[in-house]
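Novice: Return atomic coordinates for the entry below.
(2 chains)
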Amino acid sequence: ETGVTQTPRHLVMGMTNKKSLKCEQHLGHNAMYWYKQSAKKPLELMFVYSLEERVENNSVPSRFSPECPNSSHLFLHLHTLQPEDSALYLCASSQDFDRGNEKLFFGSGTQLSVL
Amino acid sequence: DQQVKQNSPSLSVQEGRISILNCDYTNSMFDYFLWYKKYPAEGPTFLISISSIKDKNEDGRFTVFLNKSAKHLSLHIVPSQPGDSAVYFCAASAYTGNQFYFGTGTSLTVIP
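Specialist: Numbering: from 1, shown residues only, chains lettered A, B, ... in the order given. Below you'll find the model as predicted:
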């Protein structure tokens, strides 16, 4: 398998549930990202990991907890979410983080609904 | 505060004609711009990019134009094909750091 793979594709959870989103990249990239896409809003950067270290955290509530165990895998742990957290969550990777001309390669996303 | 804006949520074009998608930005530090294409149920895929040292970049049917003084870029698709029907996102970044700022997207429909 090539590219960036995300699971699950769809997720429905209650506000008291705990769930995790998984992302795996097969491109040998050093940087991985979580983005959130809400309806009618631009993609919002949530977290960036470069060489398995978190380098960006864009004021994301603590109910979202990322984990990057190695350069190929990225998780987003979800806990006590709110209905307004319902969105498409996209994982992406790039060769490196520290240059401003890197292309992002996206997964297909997880469509999350919080009831 | 949105730094990258796509003011047209949707656009319909006849097959064979030109599609022009527009994007405006506010941050004069942006020096690298990309267009992504997104089909339903798929993630965005890279389409074409342009650096601020250029004012045009062409790749097959796709051409991106950059007007730095107006802080405006556009994507031209010619001739448009039904398979081009998708949502197109504009994104911008500054050289320092790799945070891309995205627009809200324009949904293009190419009518056969």
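
Novice: What parts of chain B come near chain A?
Specialist: B:2, B:4, B:9, B:31-32, B:34, B:36, B:41-46, B:49, B:51, B:89, B:91, B:93-105 (Cβ under 8 Å from any Cβ of the partner chain). Yep, even glycine has a C-beta here, placed from its N, CA and C like the rest.

Novice: Narrow the residues you listed to those that are buried.
Specialist: In terms of neighbour count (16 or more other Cβ atoms under 10 Å in any protein chain shown), the buried residues within those are B:4, B:31-32, B:34, B:36, B:43-44, B:49, B:89, B:91, B:93-94, B:98-105.

Novice: ok, now which ones touch the nearest residue to residue B:52 once chain neighbours are set aside?
Specialist: Taking Cβ to Cβ, 6 or more residues apart in numbering or on different chains, and ignoring the residues beside it in sequence, residue B:52 has residue B:31 as its nearest neighbour in space, at 3.9 Å. Contacts of residue B:31 were listed using Cβ atoms under 8 Å, 6 or more residues apart in numbering or on different chains, and they are A:100, B:51, B:52, B:93, B:94, B:95.

Novice: Going by distance to residue A:11, which of those residues wins?
Specialist: In terms of Cβ to Cβ, no member of the contacts of residue B:31 lies closer to residue A:11 than residue B:93, at 29.6 Å.

Novice: Please tell me how far that closest one sits from residue A:39.
Specialist: For residue B:93, the distance to residue A:39 under the criterion Cβ to Cβ, to the nearest Å works out to 24 Å.

Novice: Identify the spatial nearest neighbour of residue B:6, chain neighbours not counted.
Specialist: The shortest distance from residue B:6 to any residue that is not its chain neighbour, by Cβ to Cβ, 6+ apart, is 3.7 Å, and that residue is residue B:103.

Novice: And for residue B:43?
Specialist: Setting aside the residues directly before and after it, residue B:43 is nearest to residue A:106 in space (Cβ to Cβ, 6+ apart), at 3.3 Å.

Novice: surely that neighbour meets residue B:37?
Specialist: No: between residue A:106 and residue B:37 there is no contact, the gap being 10.8 Å when judged by Cβ atoms under 8 Å.

Novice: what sits in contact with each of these two?
Specialist: Taking Cβ under 8 Å, 6+ apart as the criterion, residue A:106 and residue B:37 both touch B:44, B:45.
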